[in-house]
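1. Please find the sequence and the predicted model below.
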Protein chains: 2
Amino acid sequence: MLHNIARLKTRLSRLGVPLRPHLKTAKSIPAARAVMDGPGGPAAVSTLQEAEVFAAAGVTDILYAVGIAPQKLDRVAALRRQGVDLSVVLDSLEQAAAVTEMARMTNDRIPVLIEIDCDGHRAGVGASDPQLVEIGRALHQGGAELRGVMAHAGESYSCRSVEALEQAAEQERAAAVACAEALRAAGLPCPVVSVGSTPTAHFARRLDGVTEVRAGVFVMFDLVMAGIGVCAVEDIALSVLATVIGHRADRGLTLIDAGWMALSRDRGTARQPIDQGYGIVCDIDGRPYPDLIVTETNQEHGIVALRPGSTAPQVTLPVGAQLRILPNHACATGAQHDRYHVIAAGSDTVRQWERLRGW
Amino acid sequence: MLHNIARLKTRLSRLGVPLRPHLKTAKSIPAARAVMDGPGGPAAVSTLQEAEVFAAAGVTDILYAVGIAPQKLDRVAALRRQGVDLSVVLDSLEQAAAVTEMARMTNDRIPVLIEIDCDGHRAGVGASDPQLVEIGRALHQGGAELRGVMAHAGESYSCRSVEALEQAAEQERAAAVACAEALRAAGLPCPVVSVGSTPTAHFARRLDGVTEVRAGVFVMFDLVMAGIGVCAVEDIALSVLATVIGHRADRGLTLIDAGWMALSRDRGTARQPIDQGYGIVCDIDGRPYPDLIVTETNQEHGIVALRPGSTAPQVTLPVGAQLRILPNHACATGAQHDRYHVIAAGSDTVRQWERLRGW
């Protein structure tokens, strides 16, 4: 984990742009402290529960990076009254009206980033959509703080080459910068240009005009990121400890006590060139067994087998043997657990880091 | 939920066999009390954590229905010392040796069900495998209590007709009874013949020779069960409350604040004739919108759209509108939450039921 954090920070500092880490992957106060530049942030979160818990732990610069719903503005206002610089994200005039109404009611210029669609992935205003300036004006004139724009290159997850990743990063940067310029050309402020996803953060060649980069899953990494080529399997800092509970020797299957409850139902590698099932099976020290994956899961059962077509030798794992499973998706697998058991390199000490959950 | 419970209990009482409800779906003490015959059970659980929590709440007859690992026998012994009639499941001589060793060490005849494979689904000894009697003898002579056999027709989830479901139920019954008879023919005791899955429990036409039926997900039901034909969509007693946070009108998409963190990554209907995506979208009162489903999820974003090929009219749901999502898989969706908000029929009172989690 520390290696992963250092790698991205070194990279971004060479490009001259600070990191706003997304805390939704680890969802843990000690992990947040390990990745943030200082105890106050900056940070991004995916729920107001995260904002509340991290604020209580001293984080003061927080971007709530999921489109705001009107019903959530009371909690936003409460956090801001406590002195937290909490900013919100939106992409419609309806949301802008709700935010400016709350800003006027609370006499607090709630800071807003307008979400930009850079790749058709999910939310956001199109870079050439006239709504962008309309939303910006509604916010600025309505009493909110138009702080800037935010883009997320979610489609970078389907990239399959360095060139494609570099291009996704440039597309994300260019869309965000173009929108910032459109707002400025209309006489509106746009101090913040926020971009990011773990793949684009690791492959951007230039970040001119960008003021911050967001990334989350890089702290742990996972098999989806390894499949895209953003990390190596050895960089994955999260595993699920499992125990062998049986065999079906006739079919070359081993049963373990980690099912989808422990691993999550995430099958993010199913659409990648190498399908890792529900995860790569390693020995207790984290060394992968050749071609051994979790092929199927039920609630508390995992089925371990050689991947289809493998010619690797059958591995005999006795009942009671302990294994580590590397996950497809660190955010989803972590979310199935209440705490991490943290192993410091070169040490036998195991610490526990609590995770938060809920909304 | 109460209707679902009454339906299965009425059915099983006509067949003359008691229900041992599996508590892994709801994982909640009040829900357990609603489904069990009495405060002491019987019940089945999927983790020792469940056994410990339900035992502390007064449940005394518990089957831990996942193959036992040697490392877990200390916790089994501790629960049994507290007076809980906790039984375990196994399907190998290795596990039998570990259990008999613990039984001798603690001077406690740990009760064991031998798991039977009735359909090649997962674990279990084949019905004609000579290992069955060997394991039975090792347990009986080694100081454990050979209590019986257990079968789970997991393959019933792929049935697509009443005939197939009835056949899966009969296959499960016949395999379990044949194994019980094989043990008895070898001079071994086999008082318990335990079968069950929600589909087979609802479609068994006879249960001769069976002493108990297990089922879990029927308490809530879900879209997978509706797809198999075990329940109607209106029987589904669990939904996720979500809020609209945006639109992509150009593509007919609505964004909601329920992603896989709230819905789970379960895609159990993907292999069924009607793929429900990540769930059916209903209004706040639980009435489904025609053909409207959650087509994609990210961590805290859900994308709502008409199912592919639908000719239903586009539904306009304003930002802030509240929706209910019916889940593919109640066990997986419930597991993403710490509590249920329980609505009594014909009442405005909303109670909260805590869920347990962990291992």
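-> Nice, thanks for sending it over.
2. can you list the residues that contact the lowest-mean-pLDDT helix or strand in chain A?
-> Here the helix or strand of chain A ranked lowest by mean pLDDT, DSSP states H and E is strand A:125-126, holding a mean of 90. For strand A:125-126, the surrounding residues in contact (C-beta atoms under 8 Å, 6 or more residues apart in numbering or on different chains) are A:91, A:114-117, A:131-132, A:135, A:179. C-beta here means a position set from N, CA and C on the backbone, and glycine is covered the same way.
3. need the helices for the stretch 201-350 of chain A, in chain order.
-> A:223-228, A:260-263, A:330-334 (DSSP state H, counting those that start in this stretch).
4. domain ranges for chain A?
-> Per automatic domain parsing, the structural domains of chain A span A:2-223, A:239-326.
5. Show me what residue of the stretch 101-250 of chain A gets nearest to chain B.
-> A:Ile245 (4.0 Å; C-beta to the nearest C-beta).
6. Quick one: residues contacting that residue.
-> Contacts of A:Ile245 (C-beta under 8 Å, 6+ apart): A:255-257, A:301, A:319, B:66-69, B:95, B:123.
7. which one of the residues you listed sits closest to A:Asp285?
-> A:Ile256 (16.9 Å; C-beta to C-beta).
8. Partner strands of the least confident helix or strand of chain A and their direction?
-> strand A:111-117 (parallel) (DSSP bridges).
9. count of residues packed around A:Glu145?
-> 17 (other C-beta atoms under 10 Å in any protein chain shown).
10. and the stretch 51-200 of chain A, which residues reach chain B?
-> Within the stretch 51-200 of chain A, the positions near chain B by C-beta under 8 Å from any C-beta of the partner chain are A:66-71, A:90-92, A:94-95, A:98, A:122-123, A:154.
11. Let's see that with 7 Å instead.
-> A:66-67, A:69-71, A:91-92, A:94-95, A:122-123 (C-beta under 7 Å from any C-beta of the partner chain).
12. now chain A, which segments are flagged as low pLDDT?
-> Of all residues in chain A, none has pLDDT under 70.
13. near chain B, which residues of the stretch 201-350 of chain A?
-> A:243, A:245-247, A:255, A:257, A:260-261, A:264-266, A:298-301, A:303, A:318-320, A:331-332, A:335, A:338.
14. Output the helices of the stretch 201-350 of chain A in a markdown table, with mean neighbour count appended to each entry.
-> Output for these, formatted as a markdown table (neighbours: other C-beta atoms under 10 Å in any protein chain shown):
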| stretch | mean neighbour count |
| --- | --- |
| helix A:223-228 | 24 |
| helix A:260-263 | 26 |
| helix A:330-334 | 26 |
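15. The ones you listed into TSV, with extra columns for distance to A:Ser347?
-> Shown next, in TSV, are the helices of the stretch 201-350 of chain A (distance: least, C-beta to C-beta, whole Å):
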stretch	distance to A:Ser347
helix A:223-228	26
helix A:260-263	25
helix A:330-334	22
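16. Compare those and give me the one nearest B:Pro39.
-> Comparing the helices of the stretch 201-350 of chain A by C-beta to C-beta, helix A:260-263 comes nearest, at 26.0 Å.
17. coming back round to it: and the residues of the stretch 201-350 of chain A next to chain B, which of them are buried?
-> Among these, those that count as buried by neighbour count (16 or more other C-beta atoms under 10 Å in any protein chain shown) are A:243, A:245-247, A:255, A:257, A:260-261, A:264-266, A:298-301, A:303, A:319, A:331-332, A:335.
18. quick one on the thing from earlier: farthest pair within the contacts of strand A:125-126?
-> Checking the contacts of strand A:125-126 with C-beta to C-beta, the most distant pair is A:Asp117 and A:Ile135, at 12.8 Å.
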